[in-house]
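> compute the structure for the input listed below.
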Amino acid sequence: SEGSGYLLSDADEQLLLNIAFNQAVRVRSLVIQSSDPARAPKTIKLVANNSSIGFEDVESADEPQVAQVLELSEEDAAQGKPIQLRFLRFQNVNSLHIFVASNHGEEDESRIGCAGCP
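Down below sits the predicted model:
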């Protein structure tokens with residue numbers, strides 16, 4: 001659950017999280033949680049194993065350039081429900097890149113209280 005810490009985008013609604021693992025992992029699901037419904041992520045793009053990724057690489061990319069595109073409901077984000085991923089695309093993952101393209105309220109900032117792989 002979301003504590004006092006959170007991630008907040010700074011210039012617009014876009015946010016890019018780069019998560020490196022110590023060894024290759026299999027990622028089956030993802031949890032994204034936000035206590036602010038209007039700034040909760042809506043459209044998320046996932047990329048695996050790309051060591052030098054930037055906003056320009058994922059802004060206009062869709063599948064198959066990205067491993068998966070997710071549409072979160074406000075309820076999923078508020079409750080932090082696990083989101084099942086396309087398991088075959090997330091085998092031997094050394095790094096996971098989570099790009100928040102938009103939020104539910106079309107706000108200038110996106111907010112994530114918790115992100116993880118349950």
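> so residue 71 makes contact with residue 42?
Yes - using C-beta atoms under 8 Å, residue 71 is in contact with residue 42, at 6.6 Å. The C-beta positions use only the backbone N, C-alpha and C, and glycine is treated the same way.
> how many residues are close by residue 79?
12 (other C-beta atoms under 10 Å).
> more crowded one of residue 71 and residue 42?
Between residue 71 and residue 42, residue 42 has the larger neighbour count (other C-beta under 10 Å), namely 21 against 11.
> in this structure the more buried one contacts residue 104, no?
Yes - here residue 42 reaches residue 104: they are 4.9 Å apart, a contact under C-beta under 8 Å.
> could you find the closest non-adjacent residue to the most centrally placed residue in the chain?
With distances taken as C-alpha atoms, centre = their mean, residue 98 lies nearest the centre of the chain, 3.6 Å away. Nearest residue to residue 98, sequence neighbours excluded (C-beta to C-beta, 6 or more residues apart in numbering): residue 17, at 4.3 Å.
> residues in contact with that neighbour?
7, 97-99, 112, 115 (C-beta atoms under 8 Å, 6 or more residues apart in numbering).
> going through those, which ones are buried?
97-99, 112, 115 (16 or more other C-beta atoms under 10 Å).
> for these, which two are the farthest from each other?
Distances among the buried ones among the contacts of residue 17 were taken as C-beta to C-beta; the most separated pair is 97 and 112, at 14.0 Å.
> which stretches in this structure count as strands?
According to DSSP state E, the chain carries its strands in the segments 7-8, 15-25, 29-33, 41-48, 68-71, 83-84, 93-103, 111-112, 114-116.
> deepest of those, which one?
With neighbours taken as mean count of other C-beta atoms under 10 Å, the strands of the chain reach their highest mean count in strand 111-112, at a mean of 24.
> pLDDT weak spots in the protein?
1-3, 116-118 (pLDDT under 70).
> which residue of it sits farthest from its center?
residue 23 (20.3 Å).
> next, find the distance separating that one from residue 89.
Going from residue 23 to residue 89 by C-beta to C-beta, to the nearest Å gives 19 Å.
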